[in-house]
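S.K.: Here is my input, please return the structure:
(2 chains, ligands or ions: 2)
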Amino acid sequence: MKSILQASKISKTYGMKGAATYTAIQDLSFSMNEGEFIGIMGPSGSGKTTLLNMVATLDPMTSGEISIDGVSISSMNEDQLSDFRSEKLGFIFQDFNLLENMTVFENISLPLSLQNTKLEKIQASVSQVSRLLGISDLTEKYPAELSGGQKQRTAIARALIHQPALLLADEPTGALDSRNAATLLETLADLNEDRKVSIMMVTHDPRSASYCSRLLFIKDGKLDRELRSRGSREEFHQEILTVLGDLDRRPVAGVRA
Amino acid sequence: MITKLALNGLKRKQRDYIILFTGLIISIAVFYMFLTMSLNKEFITQNSVINNIQSVFLVGTVMLSVITFFYLFYTNSFLLSLRKKEFGLYELIGAKKFQIRRVFQIETMAITAISLVIGLTLGILLSLLVSWLLMNGLNVEFTQFKIIYLPAVFWTMIYFLLVSFITSSVHNMRLAKSSIIDLLRSEVQNDIVPEKPKSAVLQIFLGVLLLGIGYFALYFMEQLRFIGLFTAPVATTLGTYLLFVALLPVIVRKWKRNKTVNFKGINSFTSGQLSFRLSNLKWVLATIAMLIALSAGAIAGGFAFKNNAFTSIDEYWQYDTTLYNPGAAETELLNSIPLEEQLTFRFKLDDETMYFVREELVATPPLVKDWVTYDVMRPGSLPENLEIEDGYQIVPDTWMSALETVNPALFGTRNSHIVPLIEYERAGGEEISVMLARTNDFAAHMEKWQELARLQESTYTALFAGFDPETDSVATKYAQFETQYAIASGTFFMGFFLGLAFLTMMASILMFKILSGANNDIRRYDSLRKLGVRRRLLENSIHREILIVFLFPGVLGLLHVLVGMRMFSFIMDDPYYRLWVSLLIFLAIYGGYYFFTVHLYRKIVLPRQ
Ligand SMILES: Nc1ncnc2c1ncn2[C@@H]1O[C@H](COP(=O)(O)OP(=O)(O)OP(=O)(O)O)[C@@H](O)[C@H]1O
Ligand SMILES: [Mg+2]
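M.R.: Ligands and ions are numbered 1, 2, ... in the order given. All right, here's what the predicted structure looks like:
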């Protein structure tokens, strides 16, 4: 198995040089293989978004080393990071982050436009990926004219069109109802299964997490636990619920005697 | 409590307010300056030269006050729209409507008051500057002129406070009518998806047609007269609005349809931004195009008018100076000027008649202008026998002009007779000699002409009974130039500052319109950054987008000016005189606003490096 992501001893401290510093991630290490679907779980404020943002090269880390697809990101300058993001990464955000001033087609094609792809190739790719996600009828609409689920599928299409090495998602189901959320996760799981897209997803929701192949539990900026899916999704769901219950019951330092 | 909350809200929107009120402050300053120039009583009655400037500045005051009224009305409605959501929240937490209305009114009046303090200070400095420039330009001393003139301060304050009271009351009534929900929602519905143009072809055709008619009327104003004066502004304005409403969306749409370009880099984002912005701003942009035309026109008009003082004076006067009984001082001074021609004539005058020597006139006929062909020439042969009817001698028109040229000060006060030398010597009355002199450049020796005019004052007092150099003047080229130039300089400054005020008002509206939408754009630029768009590309996109928003009204407005200046050709020789200077001034100010807008916008939407 080829390793797609390697994070070793990464830390993130907010508020450098100031009086009040806060360490959100501390000496965290993990790796991810190509084709894995990793979920990141943990209580609010535990550092999930911080971790994802560092992997996404949006937020520089304080110390440690991350390499994605064999490339170390800590030594790159801002332009190189931009290019790296546009070529290797795909993003899905909780609030979709579609550009409301552009049509669905323009939104989806943006990553390819950025790489100055030929128009014919762009058109072919957009129609392929929008068919895959069931939004081929909507391409000339503006985001304001779409439902939440349609927006999210557009966001996924945009994240996939340039065939990124790694797809990153921060609570992608946060703004969706349970039916739309299920559809979305099935889509992600299918993509992972059929096209071997590597996915890393932050989630709160145990049901969403059950679609993953492996789960990392983060607590106070450290890796607390790891869980692999072995059996069916329902079994994994139960397992997650048990672990979460465990974690909840475990005393938190200084809070409970 | 509400007042305190509102004050905090005000602080948060500080930037928007400052942008909007730079226009107001400049307007107040210019308004005060105009009023000071036109109301300063002592200054006006003491200076005969300056007398005429008063009305020029009064006209400027009226024009400025009309535009300012609309500007204030407009900005006040912006203010309300900025605060609507906040006011809705206050109402939600239990504030009474009347309390909110009072807050809004007090706020508006307070802003006006602050602007007045700054504006009046600036206005006083401006009056100092303009009066100083006028004094130097006209070579006169304004001994009685008051820079801080209380009546002007008073009227400026009254006008601006009154207008802001009226506009805020009108908007208060609107505020009173809107429900909480309206208020709370008002900020959300910012970007409307641009609608598909329905009758765009027809509208564009109509727009071009109207603009054509307007331009035609401007161009042939001299022939069309009243019809033109009415048609030109109406047709041009309507055409401008139609074009902006119909043509702009079509242009962006066309651009977007070129897919190879649109899907390169972030072009699709830039064009998307533009199509939203242009369809949101089309009315504002059309208004700005008209205001640009007005402001650049005012600057260029004043400039051309000032130049006209030089060119038109040469049209009427062939000789640069006419000296009566020149003494040694005058002759000496005259010798220091490189002259093209110098002529001397004599005449005698009694109570009814002035006698000129035929031989002298025929020997050296002076240059005159033929008012039929507009050619400058020397009069042709003089008929032997000149008939006299009722004391009035009949001479050819060109010779009549020659007599006026020779003796401009007294021409028309008595009958002029051209008589042979023998007869002249027999005639009684006082003899006066006149010296005419001409250079190839009147404007180059202005100080000499002024000195000659001063030297002549004693001669005038001696020659003409009751002549008082303080109040009277003799018709000479220099005297006429002085008056004409004073009016022209006044008009120049008036036009310049009127244009400046218009320009700052409209540029601040445009800047405000762009920046107030910037908060919605933060997320968009953030998304793009996350998607891996390089910062340079984002900055380029911002530059291009705002450039195009500035460009459209700028280009159309300047086109209006280029055509419209022609309108002045019936009062000026060369309305296009050094138009490029005015255009350069305009471009500098407008360009400055563009770069400042880009800078602020970038600061809002892009994270710090
Ligand atoms: N820009 C920042 N400056 C300072 N502290 C920050 C910043 N961003 C996050 N933090 C802190 O870092 C910690 C981790 O934040 P993070 O956003 O990663 O949490 P999370 O696990 O994503 O939480 P949630 O589930 O609520 O989204 C929090 O305690 C937060 O207060
Ligand atoms: Mg988070």
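S.K.: Need the pLDDT of residue 243.
M.R.: Defaulting to chain A. pLDDT recorded at A:V243 is 86.
S.K.: wrong chain, I was asking about chain B
M.R.: 89.
S.K.: Contact partners for it?
M.R.: Going by C-beta atoms under 8 Å, 6 or more residues apart in numbering or on different chains, B:L243 touches B:204, B:207-208, B:211, B:286, B:556. Placement of C-beta: from N, CA and C, glycine included.
S.K.: Please identify which of those is nearest to A:K48.
M.R.: Minimum distance to A:K48 across the contacts of B:L243 is 50.5 Å, recorded for B:A286 (C-beta to C-beta).
S.K.: ok so, going back, so which of the contacts of B:L243 are in helices?
M.R.: Mapping those onto helices (DSSP state H) picks out B:204, B:207-208, B:211, B:286, B:556.
S.K.: would you say A:A24 is within a strand?
M.R.: Yes: according to DSSP: H, G, I helix; E, B strand; the rest coil, A:A24 belongs to a strand.
S.K.: surely it meets A:G15?
M.R.: No: with contact defined as C-beta atoms under 8 Å, A:A24 does not reach A:G15; the gap is 10.1 Å.
S.K.: more crowded one of the two?
M.R.: Legend: neighbour count by other C-beta atoms under 10 Å in any protein chain shown for A:A24 and A:G15, higher for A:A24 (22 against 10).
S.K.: who touches that one in this structure?
M.R.: Contacts for A:A24 (C-beta under 8 Å, 6+ apart) come out as A:12-14, A:47, A:50, A:221.
S.K.: now with 7 Å?
M.R.: Neighbour list for A:A24: A:12, A:14, A:47, A:50, A:221 [criterion: C-beta atoms under 7 Å, 6 or more residues apart in numbering or on different chains].
S.K.: so where is the stretch 1-150 of chain A shaky, pLDDT-wise?
M.R.: Scanning the stretch 1-150 of chain A for pLDDT under 70 picks out A:16-19.
S.K.: At which residues are the strands of it located?
M.R.: Remark: strands assigned in the stretch 1-150 of chain A by DSSP state E, counting those that start in this stretch are A:3-14, A:22-33, A:37-41, A:63-68, A:71-72, A:89-92.
S.K.: same for the third one, what does it pack against?
M.R.: Other elements packing on strand A:37-41 under the criterion 3 or more C-beta pairs under 7 Å, 6 or more residues apart in numbering or on different chains; DSSP states H and E are helix A:48-55, strand A:198-202, strand A:214-219.
S.K.: I'm curious whether that strand, anywhere along its length, sits up against ligand 1.
M.R.: No: Strand A:37-41 lies out of reach of ligand 1 by C-beta under 6 Å from any ligand atom, never closer than 8.5 Å.
S.K.: ok, of the ones in helices among the contacts of B:L243, which one's closest to ligand 1?
M.R.: Ranked by distance to ligand 1 (C-beta to the nearest ligand atom), the ones in helices among the contacts of B:L243 are led by B:A286 at 44.0 Å.
S.K.: does that closest one really touch B:F244, like I thought?
M.R.: Yes: taking contacts as C-beta atoms under 7 Å, B:A286 lies within contact range of B:F244: 3.8 Å.
S.K.: got any residues that touch both of these two?
M.R.: Counting by C-beta under 7 Å, 6+ apart, nothing touches both B:A286 and B:F244.
S.K.: pLDDT below threshold where in chain B?
M.R.: In the predicted model of chain B, residues B:1-2, B:42-52, B:185-198, B:470-471 satisfy pLDDT under 70.
S.K.: residue in it nearest to chain A?
M.R.: Among the residues of chain B, B:G532 lies closest to chain A, at 2.9 Å counting by C-beta to the nearest C-beta.
S.K.: returning to what we had before: tabulate the helices and strands packed on strand A:37-41 (JSON lines), appending mean neighbour count and distance to B:R346.
M.R.: JSON lines is the format used below for those (neighbours: other C-beta atoms under 10 Å in any protein chain shown; distance: least, C-beta to C-beta, whole Å):
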{"stretch": "helix A:48-55", "mean neighbour count": "22", "distance to B:R346": "101"}
{"stretch": "strand A:198-202", "mean neighbour count": "25", "distance to B:R346": "109"}
{"stretch": "strand A:214-219", "mean neighbour count": "20", "distance to B:R346": "114"}
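S.K.: do you know which of the ones you listed lies nearest chain B?
M.R.: Set against chain B and scored by C-beta to the nearest C-beta, the helices and strands packed on strand A:37-41 come closest in helix A:48-55, at 9.3 Å.
S.K.: if you look at the closest one, does any of it touch ligand 1?
M.R.: Yes: judged by C-beta under 6 Å from any ligand atom, helix A:48-55 and ligand 1 are in contact via A:48-50.
S.K.: Name the nearest of those relative to A:E186.
M.R.: Using C-beta to C-beta as the measure, the one of these that approaches A:E186 most closely is A:K48, at 22.5 Å.
S.K.: so who does the residue lying closest to the closest one once chain neighbours are set aside touch?
M.R.: Once flanking residues are discounted, A:K48 sits nearest to A:V202: 4.5 Å by C-beta to C-beta, 6 or more residues apart in numbering or on different chains. Listed by C-beta under 7 Å, 6+ apart, the contact set of A:V202 reads A:40, A:48-49, A:52, A:169-171.
S.K.: what about A:V202, distance to A:S210?
M.R.: According to C-beta to C-beta, to the nearest Å, A:V202 stands 15 Å off from A:S210.
S.K.: Then B:F502?
M.R.: Using C-beta to C-beta, we find B:F502 at a distance of 66 Å from A:S210.
S.K.: tell me which parts of chain A are close to chain B?
M.R.: Residues of chain A found near chain B (C-beta under 7 Å from any C-beta of the partner chain) are A:58, A:78-79, A:82-83, A:85-86, A:91, A:97, A:99-102, A:106, A:109-111, A:113-114, A:116, A:119, A:122, A:142, A:144-145.
S.K.: hang on, the earlier thing: out of the helices and strands packed on strand A:37-41, which gets nearest to A:G231?
M.R.: Closest approach to A:G231 among the helices and strands packed on strand A:37-41 (C-beta to C-beta): strand A:214-219, 13.9 Å.
S.K.: And the buried ones among the contacts of B:L243, selectable in PyMOL?
M.R.: Here is the PyMOL command that selects the buried residues among the contacts of B:L243 (16 or more other C-beta atoms under 10 Å in any protein chain shown):
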select buried, chain B and resi 204+207+211+286+556
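S.K.: now the contacts of B:L243 as a markdown table including distance to chain A?
M.R.: Below are the contacts of B:L243 laid out as a markdown table (distance: C-beta to the nearest C-beta, whole Å):
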| residue | distance to chain A |
| --- | --- |
| B:I204 | 24 |
| B:G207 | 26 |
| B:V208 | 29 |
| B:L211 | 30 |
| B:A286 | 22 |
| B:L556 | 24 |
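S.K.: In a markdown table: the contacts of B:L243, plus distance to ligand 1.
M.R.: Shown next, in a markdown table, are the contacts of B:L243 (distance: C-beta to the nearest ligand atom, whole Å):
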| residue | distance to ligand 1 |
| --- | --- |
| B:I204 | 51 |
| B:G207 | 51 |
| B:V208 | 55 |
| B:L211 | 54 |
| B:A286 | 44 |
| B:L556 | 46 |
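S.K.: I'd like the contacts of B:L243 laid out as TSV, including distance to B:A6.
M.R.: Formatted as TSV, the contacts of B:L243 follow (distance: C-beta to C-beta, whole Å):
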residue	distance to B:A6
B:I204	45
B:G207	43
B:V208	48
B:L211	45
B:A286	34
B:L556	40
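S.K.: other SSEs contacting the host helix or strand of B:K84?
M.R.: According to DSSP states H and E, B:K84 maps onto helix B:53-92. Using 3+ C-beta pairs under 7 Å, 6+ apart, the elements in contact with helix B:53-92 are helix B:2-12, helix B:14-39, helix B:97-138, helix B:150-177, helix B:180-185, helix B:477-516.
S.K.: need these in JSON lines with mean neighbour count and distance to ligand 1, can you?
M.R.: Formatted as JSON lines, the helices and strands packed on helix B:53-92 follow (neighbours: other C-beta atoms under 10 Å in any protein chain shown; distance: least, C-beta to the nearest ligand atom, whole Å):
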{"stretch": "helix B:2-12", "mean neighbour count": "14", "distance to ligand 1": "21"}
{"stretch": "helix B:14-39", "mean neighbour count": "24", "distance to ligand 1": "24"}
{"stretch": "helix B:97-138", "mean neighbour count": "18", "distance to ligand 1": "35"}
{"stretch": "helix B:150-177", "mean neighbour count": "16", "distance to ligand 1": "38"}
{"stretch": "helix B:180-185", "mean neighbour count": "15", "distance to ligand 1": "27"}
{"stretch": "helix B:477-516", "mean neighbour count": "23", "distance to ligand 1": "26"}
